[in-house]
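Visitor: all I have is the shape, not the residue letters:
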C-alpha cells in the first residue's frame, strides 16, 4: 500500500464514518457524534469493534460500491467520481 487509503464505515444504525487506513495497516475513523476518533491495528480489528458494520474504500473520489448502493455520503454524491463495483480488499461482514 503506497499511501493511506480512505474509506467509509457504514454502521448498522445508518451512520457512516469517514476513515483512513495507513501503510502500516492501522486504521482510524472519525465519529463526529461522539467527538472521538476510533483507531485500530487493522481493518479486521476495526470491524470487530463495530459488529455488523460494512467497509467501503474510496476509489477516485467515490466509494467502491457507489454505483450499486448509493448512499448520502459525500463520496457517493461526488459528481466527478468514477465509481467501481469491485469488491474492496479487507472487507469483513458480520
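Guide: The structure has been received and is ready for your questions. What you see is a predicted model, and the numbers here were worked out from it, not measured in a lab.
Visitor: what is the burial count for residue 15?
Guide: 13 (other Cβ atoms under 10 Å). Bear in mind the C-beta positions are built from the backbone N, C-alpha and C, glycine included.
Visitor: for it, which non-adjacent residue is closest in space?
Guide: Nearest in space to residue 15, with sequence neighbours left out and distances taken as Cβ to Cβ, 6 or more residues apart in numbering, is residue 33 at 6.9 Å.
Visitor: measure that neighbour to residue 3 for me?
Guide: Residue 33 sits 28 Å away from residue 3 when distances are taken as Cβ to Cβ, to the nearest Å.
Visitor: can you check residue 53 too?
Guide: When distance is defined by Cβ to Cβ, residue 53 is 24 Å away from residue 3.
Visitor: higher neighbour count, the two?
Guide: Under the criterion of other Cβ under 10 Å, the comparison of residue 53 against residue 3 puts residue 53 first, with 21 against 8.
Visitor: who's in contact with the more buried one?
Guide: Taking Cβ atoms under 8 Å, 6 or more residues apart in numbering, we find residue 53 in contact with 9, 10, 11, 12, 46, 47, 94.
Visitor: nearest residue to the fourth one other than its sequence neighbours?
Guide: Once its chain neighbours are removed from consideration, residue 12 has its nearest residue in residue 52; the separation is 3.9 Å (Cβ to Cβ, 6+ apart).
Visitor: buried residues, the longest helix seen in the chain. List them.
Guide: For the chain, the helix that runs over the most residues, judged by DSSP state H, is helix 43-49. Within helix 43-49, the residues scored as buried using 16 or more other Cβ atoms under 10 Å are 43, 46, 47.
Visitor: just checking, the second one touches residue 26?
Guide: No. With contact defined as Cβ atoms under 8 Å, residue 46 does not reach residue 26; the gap is 9.3 Å.
Visitor: which neighbours do those two share?
Guide: Common neighbours of residue 46 and residue 26, counting by Cβ under 8 Å, 6+ apart, are residue 40.
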